[in-house]
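In: Have a look; sequence and predicted model below, questions after that.
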Amino acid sequence: MELSIDTVGEQSSVAVSEHGHVLTEISWRSGRRHTPSLTPMIDLVCRQTGNVEIVKRELEAVFVDVGPGAYGGIRSGMAAAEGLAVALDLQCVGVGRLEIEAYQHAAGGLAAAIHRAARATWAWQIFWGPLDRWRELEPARTGGTFELQRALADAKRFAGRAGVICGEPDRLDDETSSALREQGWSLSPLSLNARRAGILAELGWRRLQNGHGVPPAALEPLYLREPAIGPQPSQ
């Protein structure tokens, strides 16, 4: 069995899976208080799968969302994943938020996951399906609306047609949304943009089978920009 942890946003999710197939999954609104709620939810998802201690003994890997997203959320999920992996001698697989968001649209071909990184900045990553040929077209990047639109245009030329924009397309301004729709892009509805630990479980299992499991100390967060906390410049 495997445990999946996603705490990079204000909605968190955990799941227990077997060979990537979800057995039990819980999602909840954690807000920015990820740490206090995470351990009880991990225990709850294990308890709903079976005996907590037995489930933890049978875990073979931990999958975790490594960002980008809220700094505290990323660190909370990664710390929990690393702690469990060290205690139980497990491998870890880190998967990016944007790939998790795009993966549920893989059957449609071209999927671009976007989310607001700052007031005038977007983070995005573009993928190409179907599932048996799922691959990244370009790594996660940040930039303004113009750079985002240019990246989407390049992806459309590669694929021969537009695809779906997911993640946080609802945060695009009306002018940009209209222009993208005119170019053939579909904007995923809110109901299909929620990240689920079950999707992370499937992606993590695929990577684990491809030899991409790592020791917990080798997990790396994906911030894309410097966190707002930390050493401050001298006055």
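Out: The structure has been received and is ready for your questions. Numbers count the residues shown, from 1 in each chain.

In: which residue is nearest the centroid of the protein?
Out: residue 97 (2.1 Å; C-alpha atoms, centre = their mean).

In: mind listing what the closest residue to that one other than its chain neighbours touches?
Out: Using C-beta to C-beta, 6 or more residues apart in numbering and skipping residues adjacent in sequence, the residue nearest residue 97 is residue 8, 5.0 Å away. Just so you know, the C-beta spots here come from the backbone N, C-alpha and C atoms, and that holds for glycine as well. Contact analysis of residue 8 by C-beta atoms under 8 Å, 6 or more residues apart in numbering lists 65-70, 73-74, 77, 97, 195.

In: how's the protein carved up into domains?
Out: 2-97+196-218, 105-192 (automatic domain parsing).

In: returning to what we had before: which of the contacts of residue 8 ranks first by neighbour count?
Out: Taking other C-beta atoms under 10 Å as the neighbour criterion, residue 65 ranks highest of the contacts of residue 8 with 35 neighbours.

In: Next, the buried residues of the top helix by length along the chain.
Out: As assigned by DSSP state H, the longest helix anywhere in the chain is helix 71-88. For helix 71-88, a neighbour-count test (16 or more other C-beta atoms under 10 Å) marks 71-82, 84-85 as buried.

In: Ok, stretch 182-197 next?
Out: 185-186, 188, 193, 195-197.

In: Stretch 122-136 now?
Out: Quick answer for stretch 122-136 (16+ other C-beta under 10 Å): 122-129, 134.

In: pLDDT below threshold where in the protein?
Out: 225-235 (pLDDT under 70).

In: at 80 what do you get?
Out: For the chain, the stretches with pLDDT under 80 are 33, 107-108, 118-119, 131, 225-235.

In: So which residues of it form strands?
Out: Counting by DSSP state E, the chain has strands at residues 2-6, 11-18, 21-29, 61-65, 91-95, 110-118, 121-128, 135-143, 164-167, 186-187.

In: Which elements pack onto the last one?
Out: Pointing back at strand 186-187 there. strand 164-167, helix 174-182 (3 or more C-beta pairs under 8 Å, 6 or more residues apart in numbering; DSSP states H and E).

In: Describe which strands the first one pairs with in its sheet and in which direction.
Out: Strand 164-167 has the following sheet partners, assigned by DSSP bridges: strand 110-118 (parallel), strand 186-187 (parallel).

In: what's the last one in contact with?
Out: Under the criterion C-beta under 8 Å, 6+ apart, residues 162-165, 169-170, 172, 177, 180-181 lie in contact with strand 186-187.

In: and what of stretch 212-229?
Out: By C-beta under 8 Å, 6+ apart, the list of residues contacting stretch 212-229 from outside reads 61-62, 64, 66-68, 71, 74-75, 78, 81-82, 85-86, 90-94, 96-97, 117-118, 121, 123, 140-142, 207.

In: What residues of that stretch count as buried?
Out: For stretch 212-229, by 16+ other C-beta under 10 Å, it's 213, 216, 219, 221-224.
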